[in-house]
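K.L.:
Structure here, sequence nowhere to be found:
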């Protein structure tokens, strides 16, 4: 578990102060020892001088034989374990060797006599009893030369002493203990005071860290409370003000985004990340809208819409249908599955029974078991949703997404608000293209019969020719003209004439295939383009039109009116290398039918052509 900043600071401060205290105790202990030893040395020096002066007095008074009483008296002084005097060789040579104990006892005595340098040494420092051995030389002064045969500063002897300095060590230890106890007390007091002073700042730092961590995750609800009145309090107030402003701004952005795109979001989602994601999505929608606005027709727009749906559907199957109010049928725009799961695939006329289209609401399979009876799933493991989207009063889309279970379905649901925004962006473009298509269709259709008009022929005949050349297709062309039509208008009026024209148009539409084209070329003249029809088939269709129209009874002035039609047939490209020329060939055959008695079908032959192209 990580240590908090407060504990780290307190630990660092305690260790630092403890280190300083320990250093002080060690220094004091060492200095106290040095002071005790030095005091003993100083005392030995004084005693040494006292012994020298005492011995000088004994010599002057002629009582040198009593000197051991003097030495013994000094030896009984406090802390002196032993004291002895050692004569130098020059003194022994002049005055005799003296007492037995006045000879050099060890190498230290000999070294001091030889080098004229004092030596002190601590003995038994690791034992219970500690001694200080001090050996000090006494040198000849001017006054000494009166009695001694020596030169000035010659060593006349040494004074060696052993002091008991155990009390120095004891006193030092006690002093160190007292200092340590006092230091520990002071250390604790300092730590307590520092902790009390620092604690408020540590609490502030912890609160700041927690607030900033939450802020990093998009949660700006934290507010810092502190009793500090200095810069720390100012910092807390500034952060509180900043978070309050950010919270209010994010709430405002959320409300606007909800209005803009609808839907909901996860409660724990970082609002900054969510806002960034949504803004990116809106930018993508803007780019999408700019793209489809440049599309030439509705099919191109649909291709871009399908790309969006594919991206939102992921790896799930989906199908998209276009439903027009006029037909009430569904036209499949795309399907990822060869055999779709909905019966609307096999019978588009079932649109009126589609639950989603009927209620104009989304249908989810996880909301109610078998909610849609039209959905067919042999595995029984798939989930689905149906999304109806009305582009205009006459045009709608039906989006059907099938997933491998409810979990995938739940994920798809989260994509619906953004998908709806894409559809909203596409709606005006699709509606405009749809209306333009209707307008274009009306421009290319005859108002009376609903057939294509001459303008369509002029606009698209070259396109049809190129397509036929590319696909190696052929067209049989039927040129039709109602026999003696002017008489109908003159006798019964134009209303009856319109009925007759519409009757022929109905006959044409019921006699040809969906791939064929019927055109009202003008007045009572018509043109039919039969795709890839054989010569026999073209003649059969023409005869069928002729006989059916002949049998058609029109009501005119209370009586039945029968009319006939003459038909000329040609073929592209066998009769002509151009579509317009083939149409002219059909007209030539039509005129031959007129000239040879009307109410008949004539197949064009080359012999019918005029002698020159100019005349043709």
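P.N.:
Perfect, thanks for sending it. Not measured: the values here are computed from a predicted model.

K.L.:
Could you report the separation of residue 52 from residue 93?
P.N.:
20 Å (CB to CB, to the nearest Å). For glycine as for every other residue, the C-beta is placed from the backbone atoms N, C-alpha and C.

K.L.:
So for this structure, the centremost residue is which one?
P.N.:
Centroid-nearest residue in the chain: residue 273, 7.2 Å away (criterion: CA atoms, centre = their mean).

K.L.:
Off-centre distance for the helix or strand containing that residue?
P.N.:
Secondary structure assignment for residue 273, by DSSP states H and E: helix 271-293. Averaging C-alpha positions (CA atoms, centre = their mean, to the nearest Å) puts helix 271-293 16 Å from its chain's average.

K.L.:
Give the other helices and strands that the helix or strand just after it contacts.
P.N.:
Per DSSP H and E, the first helix or strand lying C-terminal to helix 271-293 is helix 298-313. On a contact count with 3 or more CB pairs under 8 Å, 6 or more residues apart in numbering; DSSP states H and E, helix 298-313 meets helix 271-293, strand 317-324, strand 330-335, helix 406-443.

K.L.:
buried ones in helix 298-313?
P.N.:
For helix 298-313, the buried set under the neighbour-count rule, 16 or more other CB atoms under 10 Å, comprises 298, 301, 302, 304, 305, 308, 309, 312, 313.

K.L.:
among the helices and strands packed on helix 298-313, which is nearest residue 542?
P.N.:
Shortest separation from residue 542 across these is recorded for helix 406-443, at 27.2 Å, computed as CB to CB.

K.L.:
Also compute the angle for the closest one relative to helix 298-313, please.
P.N.:
Between the axes of helix 406-443 and helix 298-313, defined by axes from the mean of the first three to the mean of the last three CA atoms, to 10 degrees, the angle is 170 degrees.

K.L.:
Which positions in helix 406-443 come out as buried?
P.N.:
Neighbour-count burial for helix 406-443 [16+ other CB under 10 Å]: 408-409, 412, 415-423, 425-427, 429-431, 433-434.

K.L.:
Only the buried residues of the helix or strand just after that helix, if you could.
P.N.:
Counting by DSSP H and E, the next helix or strand C-terminal to helix 406-443 is helix 454-471. Residues 456, 457, 461, 464, 465, 468 are the ones in helix 454-471 that count as buried (16+ other CB under 10 Å).

K.L.:
Let me see the contact set for the first one.
P.N.:
The one in question is residue 456. Shown in contact with residue 456 (CB atoms under 8 Å, 6 or more residues apart in numbering): 444, 445, 519.

K.L.:
What of the second one?
P.N.:
Contacts of residue 457 were listed using CB under 8 Å, 6+ apart, and they are 519, 521, 527.

K.L.:
angle of the host helix or strand of the first one against helix 454-471?
P.N.:
This means residue 519. Residue 519 is part of strand 517-522, with elements assigned from DSSP H and E. For strand 517-522 against helix 454-471, the angle by the same axes, to 10 degrees is 140 degrees.

K.L.:
contact partners of strand 517-522?
P.N.:
446, 448-449, 451-454, 456-457, 464, 501, 505, 508-509, 512, 526-529, 531.

K.L.:
The next helix or strand after it: partners in the sheet, and parallel or antiparallel?
P.N.:
Next along the chain after strand 517-522, taking DSSP H and E as the criterion, comes strand 525-531. Within its sheet, strand 525-531 is paired with strand 475-482 (antiparallel), strand 517-522 (antiparallel), according to DSSP bridges.

K.L.:
average model confidence for strand 525-531?
P.N.:
Average pLDDT, strand 525-531: 95.

K.L.:
contacting residues around that strand?
P.N.:
By CB under 8 Å, 6+ apart, the residues outside strand 525-531 that reach it are 451, 457, 464, 473-481, 504-505, 508, 512-513, 515-521, 537-538, 541, 545, 583, 586.

K.L.:
returning to that earlier point: would you mind giving the buried residues of helix 454-471 as JSON lines with distance to residue 176 and pLDDT added?
P.N.:
Formatted as JSON lines, these follow (distance: CB to CB, whole Å; pLDDT from 0 to 100):
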{"residue": "456", "distance to residue 176": "118", "pLDDT": "87"}
{"residue": "457", "distance to residue 176": "122", "pLDDT": "87"}
{"residue": "461", "distance to residue 176": "120", "pLDDT": "88"}
{"residue": "464", "distance to residue 176": "117", "pLDDT": "87"}
{"residue": "465", "distance to residue 176": "119", "pLDDT": "89"}
{"residue": "468", "distance to residue 176": "118", "pLDDT": "88"}
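
K.L.:
Save the residues you listed as TSV, and put in distance to residue 111 too.
P.N.:
Output for the buried residues of helix 454-471, formatted as TSV (distance: CB to CB, whole Å):
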residue	distance to residue 111
456	139
457	142
461	139
464	136
465	136
468	135
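
K.L.:
State the number of residues packed around residue 287.
P.N.:
For residue 287, the neighbour count with other CB atoms under 10 Å is 11.

K.L.:
Which positions in stretch 97-107 come out as buried?
P.N.:
Those would be 98, 102, 104, for stretch 97-107 by 16+ other CB under 10 Å.

K.L.:
pLDDT added to the residues you listed, as a markdown table?
P.N.:
A markdown table is the format used below for these (pLDDT from 0 to 100):
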| residue | pLDDT |
| --- | --- |
| 98 | 74 |
| 102 | 76 |
| 104 | 81 |
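
K.L.:
Now those residues in TSV, please, with extra columns for distance to residue 155 and secondary structure.
P.N.:
As requested, these are arranged in TSV below (distance: CB to CB, whole Å; DSSP: H, G, I helix; E, B strand; the rest coil):
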residue	distance to residue 155	secondary structure
98	15	coil
102	14	helix
104	12	coil
